[in-house]
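# need a structure here:
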Amino acid sequence: MSRVVLAYITLPSLKVGQTLSRALLRERLVACTNLFPSMESHYSWKGKREVSREVVMIAKTTASQAKRLERFVLKHHPYECPCILFVNAVATSGYAAWLKESTDEQCRGPRPSLRGRCRRAFGTNSNSSGRTRRNRASRGKG
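Below you'll find the model as predicted:
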């Protein structure tokens with residue numbers, strides 16, 4: 001088991017979430033994002049009760065990338081005061097190794113040894129990004 005960081009980020013729309021997700025992946029600040037397209041948020045803002053539809057992003061990263069991720073999101077997020085919460089988590093060693101490698105600026109592609117270890121552990125096939133994909137019966141995603 002290894003430590004990883006999950007970033008919980010709220011966004012105004014799926015389009016904004018998709019754009020931010022692509023940018024975070026391109027910058028190698030995250031290994032994976034999940035977008036939950038419809039959530040109703042209730043909150044107080046500037047003395048008024050508010051209700052709005054939002055999108056939730058869960059971004060998986062390493063502790064060493066969390067501060068850079070925060071700065072990037074604050075710079076590119078459309079909200080004046082965006083919700084960015086960091087949660088420490090424990091992951092399987094194979095997933096944590098993939099996550100670390102995916103956020104490593106020096107990395108130019110997956111190491112074959114890592115792909116093999118994940119494939120053996122999960123009975124999976126590697127996709128073009130080097131990330132392993134579970135068989136259809138499992139249907140799990142990052």
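# Okay, the most centrally placed residue in the chain and L99: tell me how far apart.
By C-alpha atoms, centre = their mean, the chain has its centre lying nearest to A59, at 2.1 Å. Relative to L99, A59 is positioned 11 Å away (criterion: C-beta to C-beta, to the nearest Å). Placement of C-beta: from N, CA and C, glycine included.
# what about this structure, any weak spots by pLDDT?
105-142 (pLDDT under 70).
# all strands of it, in order?
2-11, 32-45, 48-61, 84-91, 125-126, 132-133 (DSSP state E).
# Buried ones in stretch 58-72, by neighbour count?
I58, A59, K60, T61, T62, Q65, A66, L69, E70, F72 (16 or more other C-beta atoms under 10 Å).
# Contacts for it next, please.
3-9, 21, 23-24, 27-34, 36, 84, 86, 88, 99-100, 103, 142 (C-beta atoms under 8 Å, 6 or more residues apart in numbering).
# for it, the distance to its chain's centre please.
Taking C-alpha atoms, centre = their mean, to the nearest Å, one finds the center of stretch 58-72 at 9 Å from the center of the full chain.
# and F86, how many neighbours does it have?
17 (other C-beta atoms under 10 Å).
# Specify the beta-bridge partners of the residue nearest to the centre of the chain.
A7, T33 (DSSP bridges).
# how much space between it and S44?
26 Å.
# repeat for S52
S52 is 12 Å from S44, by C-beta to C-beta.
# Show me whatever sits in contact with both of A59 and L99.
Joint contacts of A59 and L99 (C-beta under 8 Å, 6+ apart) are C32.
# Pull out the CA atoms of stretch 43-59 and give them to me as CSV.
This file holds the C-alpha atoms of stretch 43-59, laid out as CSV (Å, rounded to 0.1, in the frame of the first residue of the first chain):
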residue,chain,number,x,y,z
TYR,A,43,-24.1,27.2,0.1
SER,A,44,-23.8,30.7,1.4
TRP,A,45,-21.9,33.2,-0.8
LYS,A,46,-21.5,36.9,0.1
GLY,A,47,-24.4,36.8,2.6
LYS,A,48,-26.9,35.0,0.4
ARG,A,49,-28.1,31.4,0.2
GLU,A,50,-27.3,29.9,-3.2
VAL,A,51,-28.2,26.8,-5.0
SER,A,52,-26.4,25.8,-8.2
ARG,A,53,-25.7,22.9,-10.5
GLU,A,54,-22.0,21.9,-10.5
VAL,A,55,-19.6,19.2,-11.7
VAL,A,56,-17.3,17.4,-9.3
MET,A,57,-13.8,16.4,-10.4
ILE,A,58,-11.8,14.0,-8.5
ALA,A,59,-8.2,14.2,-9.6
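# Thanks a lot, see you next time.
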